[in-house]
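Asker: my questions are about this predicted structure, shown below with the sequence.
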Amino acid sequence: MAVSAEHTPPRAPEEVFAELATLIGEYMGPDDEAMLARAFEFANQAHAGQLRKSGEPFINHPLEVAKILADLRMDAETVCAAILHDTVEDTEVTPEDVEREFGADVRQLVEGVTKITRIEVGSLSDEQAATIRKMLVAMGKDIRVIVIKLADRLHNMRTLASLREDRRIFKSRETLEIYAPIAHRLGINSVKWELEDLAFFYLEPNKYKQVSRMVTDSRAEREEYLSNVVSVLHGEMEKVGIDARIMGRPKHLYSIYQKMTKKGKGFSEIYDLIAVRIIVQSVKDCYSALGAVHTLWRPMPGRFKDYIAMPKYNMYQSLHTTVMGPAGRPLEVQIRTEEMHRASEYGVAAHWRYKEGGGRVSRDELDSQLAWLREMIDWSDEADDSREFLKNLKMDLDNADVYVFTPGGDVKTLRAGATPIDFAYAVHTEVGNHCVGAKVNGQIVPLSYKLNVGDRVEVLTSKSASPSRDWLGMVATPSARNKIRGYFSKQTRDDDRQEGHDMLMREMRKHGLGLSSARSVRALKTVAEAMGFNDTDDMYVQIARNRESAQHVANRMLKLLVDRANEAEKTTPLGVGEGSTVGKLPMLTSVKRPKRHETHSSNGVVVKGVDDVLVRLSRCCNPVPGDDIIGFVTRGRGVSVHRADCPNASDLKRDPDRIIEVSWAGDARVQDTFKVEIYVEALDRMNLLLDVTRVLSDVGANVISCTTNTHRDGLVEMRFLFQVSDLAMIDLAIKGLASVEGVFDARRMMPGQKAPAA
């Protein structure tokens, strides 16, 4: 294929559409031709005044894309969508306008192409991975979307000379690494070959010229040689009664360059530089023609491939043989039917070509041939890491494959380097999960064995078996790797959830907060939703797996709590005194916390009729907001506050002159931390203490001391002294402790109170 970097004079849109009309007239009916004419008028008006960087009218680009698709004999809806594919993105036209004028199918195709944004293969980013995933999904919904995109890229490559050099190199690398392999996967070789040669021209101009010159210098000799070969083959086909069309097969420059560099071959050593195709009427004729060729010339050992019995993943079928031709020169011969030839040139596009009766191949007939696409979509959904996803994508688009057999004789196509583990997961996920060994060609082999073409593989399974993490280093297919990871992800999810919860709890406790209070639970759910998680459990799992930072989540929660507290402060009713703490969260702001038990009114206690008095919470009963309290005036120590049911309060009431009325001020329960003691009675078991302390940790309690006493009858008594910020946390702690397995009593106690008799 010749490539030129020279600019051509701009052509009128009507001239380009006339060429398109000639192409579609060869296989479409009058109604379809009329629809495409309307599409041209519609797009021409929408793009009026717009120019490409080359200076030609912008409408010429979608028309050229449509011509490429017409060459592939795509259906009317696809060609129509190609004409319109830039209108929604670059003009005032809306998808609704397209549907109103041309129907829902065309709109779906136009939107599908529009949504596939630029693929940045140069930067491995989450955005790039999302873009490629979007393309895979679009392919899954309607494969015609990516066929249009390939045609769009092909015309852009044909006109790449108008861009800056850095953009030419970027586009060429992108084409070579993503678009050409996708065209190959879809079997559209006519597009794939041209994309590769164009990218080769811009990426390696000197090497392109060198290979091109080699091909040109030997062309006259090759053409004379091929003419003699074709004449001999025609004569042989007539002898055996085979109606055949015989032609030389063009060799593309990039494929020649690949063989010279990757395989270290010289130009004269490339066997298929001289090649012929024999197109026959039936599969039977293919094998008869093969016999005739081998009768004429001796086949070269190891150079025969039967892609009819074992088709390639991209629907390619043909017989390949290399023989020692006239003058002792290697000659490659490809033998196929007309239908196989169309599939070879047009791949998946051949399924939308009109048959003689006017019908088309149904979408259902593509299912088995596009199984690789569904598998690729599956593992792209499962992949979490963007770098690995893009690496796997490039590997999966590689054309190196091995074909192996199941014990029943079915063919499985795997990537080169695949092991029996890959094969097991290709059969079924459960077969892979329970694999314990494998036989290849009847012999036991290690699971790390690299499968070869033609191997017969039998998987040995056991119901009690499970995957090993070592398998991740053995498998070659993204599908198997993601299924193994999925297994371990499910197995460890509960542990990860708890670990993530504990990590976030530790971060929150640095700020004096827990995760079980009503406001923390609300904030937690809000933050999880804002960060795109399905629920808080998913967020915990991602924290444990280091895919999300516990500190980041905690900071977002703290900000949310502060914002809500400030909002509540703005709405505080008039009349609330200066000492009120409604809506404030001093632990989340820069306000200094007063020393514990030595606070004034800021500890949340208001002394009736007295201002600026020292208020102290008594250590004997540790009152917390919500408790009934009384005040007692002490000499030189201000007012001591006790719980109303404190044993010492009875003694204090004997001196009524020193009793003073006190109360909790507003939302005092957020003002400080308070000491509380809880008594727990339970039956002894493994991990009992761990489960009990976890409950206290979950409510945000800071355990100061713990004592346990285990009796001979298996009864355990525990006493915990811990700090809390409000009464609700105590209730939550007691309820949580009561639900722990083996616990049959949990209650609040006062320091010094004796536990009930065991």
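Answerer: Good, I have the coordinates.
Asker: ok, which stretches of the stretch 551-700 of the chain are helices?
Answerer: Under the criterion DSSP state H, counting those that start in this stretch, helices of the stretch 551-700 of the chain are mapped to 647-652, 688-698.
Asker: and among the ones you listed, the most buried is which?
Answerer: Comparing those by mean neighbour count (mean count of other C-beta atoms under 10 Å), helix 688-698 ranks first with a mean of 18. All C-beta atoms are positioned from the backbone trio N, CA, C, and that covers glycine.
Asker: any idea how far residue 447 lies from residue 476?
Answerer: Distance, residue 447 to residue 476, by C-beta to C-beta, to the nearest Å: 12 Å.
Asker: what's the overlap in contacts for the two?
Answerer: Listed as contacting both residue 447 and residue 476 by C-beta atoms under 8 Å, 6 or more residues apart in numbering are residue 419.
Asker: tally of neighbours for the residue nearest to residue 153 when sequence neighbours are not counted?
Answerer: Taking C-beta to C-beta, 6 or more residues apart in numbering, and ignoring the residues beside it in sequence, residue 153 has residue 179 as its nearest neighbour in space, at 4.9 Å. Neighbours of residue 179 under the rule other C-beta atoms under 10 Å: 27.
Asker: start at 217 instead
Answerer: Taking 217 as the first residue, the last one we looked at is residue 395.
Asker: am I right that residue 395 sits in a strand?
Answerer: No - Residue 395 is assigned helix when assessed by DSSP: H, G, I helix; E, B strand; the rest coil, not a strand.
Asker: hang on, it packs against residue 366?
Answerer: Yes - between residue 395 and residue 366 there is a contact under C-beta atoms under 8 Å: 6.2 Å.
Asker: intersection of neighbour lists for these two?
Answerer: Common neighbours of residue 395 and residue 366 (C-beta under 8 Å, 6+ apart) are residue 411.
Asker: let me see the contact set for the residue nearest to residue 369.
Answerer: Going by C-beta under 8 Å, 6+ apart, residue 395 touches 365-366, 369, 411.
Asker: mind listing what's buried in stretch 282-291?
Answerer: 282-286, 288-291 (16 or more other C-beta atoms under 10 Å).
Asker: first vs last residue of that stretch, how far apart are they?
Answerer: This stretch, stretch 282-291, spans 11 Å end to end (C-alpha to C-alpha, to the nearest Å).
Asker: distance of the nearest residue to residue 303 once chain neighbours are set aside relative to residue 528?
Answerer: Nearest residue to residue 303, sequence neighbours excluded (C-beta to C-beta, 6+ apart): residue 309, at 4.1 Å. In this view, residue 309 and residue 528 are 40 Å apart by C-beta to C-beta.
Asker: now swap in residue 769 and tell me
Answerer: Distance from residue 769 to residue 528, by C-beta to C-beta: 48 Å.
Asker: which of the two has more residues huddled nearby?
Answerer: Taking other C-beta under 10 Å, residue 769 and residue 528 do not tie; residue 769 has more neighbours (25 against 18).
Asker: part of a strand, is residue 493?
Answerer: Yes - under three-state DSSP, residue 493 falls within a strand.
Asker: coming back round to it: which residues touch the residue nearest to residue 303?
Answerer: 258, 262, 300, 303.
Asker: among these, which are located in helices?
Answerer: Among the contacts of residue 309, the ones falling in helices (DSSP state H) are 258, 262, 300, 303.
Asker: give me the neighbour count for the last one.
Answerer: Here the neighbour count serves as a burial measure; for residue 303 (other C-beta under 10 Å) it reads 24.
Asker: for residue 245, same thing?
Answerer: The number of residues packed near residue 245 is 12, by other C-beta under 10 Å.
Asker: let me see the backbone angles for residue 620.
Answerer: The phi/psi pair for residue 620 (degrees, to the nearest 10) reads phi -130, psi 160.
Asker: show me what contacts it?
Answerer: 627-628, 630, 639, 667-673.
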